[in-house]
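Engineer: Make a model of this:
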Amino acid sequence: MAEIKDRILDLRIENSLTQSQMAKIFDVGISTISMWEQGQRIPRPNTLQEICDYFNVDMDYLMGRSDIRNRYQAGLKYDWENKKEEKENNIFSKLTDEELAKLEKFKNMSTVMFMNEGNDISDEDKETLATAYAEVLISQRKK
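Structural biologist: Residues are numbered from 1 along each chain as shown. The predicted structure follows:
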């Protein structure tokens with residue numbers, strides 16, 4: 001895999017920027033850009049993030065740990081996102097048929113409630129509510 005110095009140089013060239021232009025963008029000296037590209041220095045953490053934001057690349061890509069420029073654009077998820085989905089799936093699989101019926105009724109009622117108040121609720125918010133309600137149903141079992 002490429003090193004950070006290679007990624008910085010490649011991103012600058014791909015975007016048709018001179019070292020002088022890049023120095024102005026990131027508020028550093030031209031010699032600093034040159035040292036980054038030669039591997040003599042590494043940008044500070046906040047500057048690394050600014051570089052990622054400017055060129056729309058992930059930190060893993062910039063640091064040379066991945067060849068995927070942007071996980072979201074590639075349709076991939078970060079590990080923590082997959083773990084969240086796994087947790088949600090595990091919660092729903094723990095529900096009994098009766099609890100699943102209650103959950104479905106809750107989903108319908110909460111959607112209607114938000115619509116009656118003139119608010120629209122996103123699918124993500126619906127899932128968050130459903131997960132929270134599933135946790136309540138499971139915790140009530142233990143009482």
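Engineer: Under the pLDDT cut-off, which ranges of the protein? List them.
Structural biologist: Along the chain, segments meeting pLDDT under 70 span 72-89, 111-112, 114-120, 142-143.
Engineer: could you pull out the strands for the protein?
Structural biologist: With DSSP state E, there are no strands along the chain.
Engineer: where exactly do the helices run in it?
Structural biologist: 4-14, 19-25, 30-38, 45-55, 59-62, 79-93, 97-116, 123-141 (DSSP state H).
Engineer: Can you give the domain ranges for this protein?
Structural biologist: Annotated domains of the chain cover 4-62, 79-141 [automatic domain parsing].
Engineer: Could you look over those domains and pick the most buried one?
Structural biologist: domain 4-62 (a mean of 15; mean count of other C-beta atoms under 10 Å). Bear in mind the C-beta positions are built from the backbone N, C-alpha and C, glycine included.
Engineer: Which among the helices of the chain is found nearest to Arg71?
Structural biologist: Of all the helices of the chain, it is helix 59-62 that lies closest to Arg71, at 8.0 Å by C-beta to C-beta.
Engineer: chain center to the closest one: distance?
Structural biologist: In terms of C-alpha atoms, centre = their mean, to the nearest Å, the centre of helix 59-62 is found 13 Å from the chain centre.
Engineer: Show me what it is packed against.
Structural biologist: On a contact count with 3 or more C-beta pairs under 8 Å, 6 or more residues apart in numbering; DSSP states H and E, helix 59-62 meets helix 4-14, helix 45-55.
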